[in-house]
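Enquirer: Need coordinates for the below:
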Amino acid sequence: MFRVGEKSVLSGENTDIRVVGEAGSGKALFVLLETTKADIILLDIGLPDISGVEIARRLRKEYPEIKILIFSVENSFKVVQSLINIGIDGFISKLQSSDDDLIVAIHSIMNGLEYFGKDIATIIYNIYVSKKKITEVTSEFTEREREIIYLCRDGLSGRQISEKLNISLRTVNTHKNNIFTKLNINSTMELVQYAMKNGIISLD
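Expert: As a prediction, the model looks like this:
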């Protein structure tokens, strides 16, 4: 029903937009693209078979010439960051945008510009600030210290780290103490929690 409503808006007499196809799932979309040429795809995140993030990633790989405009109620920090990294052309929220916003977004993207709704733009700004913070934090560590942080993340003990890096246990402990001092923490557990919280490491 939602697709029918938006199709009616986009195909209205006052627009120069032509809807060449529609799909209710990721599988149906890629079947459609085998026989249908599209300039831009209006993509939701919550589809029944494949997530919109995975669809966007595949589109960028298989159909790099097609523009991607995300139109969804899903606007979490993690999802927006993933889509920005993939290289989408725009993102507007179903909850925060009007029919006019959608038409403006499509025209802007087809004219070579990116288009993001106000709420999405705020999230993107927060992503930028977060990345800047991560860069500032990680620049404090030496390459060896970063290696030790990752190995701590993997649950290795000090002795296991010394064996893996072929350095003495005393050297490992010295590096860990330097890390603790820089972060003003006192334990390996705090180190892992801090690194995860600030995006220095993840459990992916």
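
Enquirer: helices or strands next to the helix or strand harbouring Val192 in the packing?
Expert: Here Val192, judged by DSSP states H and E, is contained in helix 188-197. Judged by 3 or more CB pairs under 8 Å, 6 or more residues apart in numbering; DSSP states H and E, the packing partners of helix 188-197 are helix 143-153, helix 169-183. Where you see a C-beta, it was placed from the backbone N, CA and C, and this is true even at glycine.

Enquirer: what number of residues lie near the residue nearest to Tyr63 when sequence neighbours are not counted?
Expert: Leaving aside its sequence neighbours, Tyr63 sits nearest to Leu33 (CB to CB, 6 or more residues apart in numbering; 6.5 Å). Close neighbours of Leu33, defined as other CB atoms under 10 Å, add up to 17.

Enquirer: coming back round to it: any idea of the angle the helix holding Val192 forms with helix 169-183?
Expert: Inter-element angle recorded for helix 188-197 and helix 169-183: 50 degrees (by axes from the mean of the first three to the mean of the last three CA atoms, to 10 degrees).

Enquirer: could you dump helix 188-197 to PDB, C-alpha only?
Expert: Taking C-alpha atoms only, helix 188-197 is exported to PDB below (Å, rounded to 0.1, in the frame of the first residue of the first chain):
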ATOM      1  CA  THR A 188      42.600  -4.900  30.800                       C
ATOM      2  CA  MET A 189      38.800  -5.100  31.200                       C
ATOM      3  CA  GLU A 190      38.600  -1.300  31.300                       C
ATOM      4  CA  LEU A 191      40.900  -1.100  28.300                       C
ATOM      5  CA  VAL A 192      38.700  -3.400  26.200                       C
ATOM      6  CA  GLN A 193      35.500  -1.500  27.300                       C
ATOM      7  CA  TYR A 194      37.100   1.900  26.500                       C
ATOM      8  CA  ALA A 195      38.300   0.800  23.100                       C
ATOM      9  CA  MET A 196      35.000  -0.700  22.100                       C
ATOM     10  CA  LYS A 197      33.100   2.300  23.400                       C
END
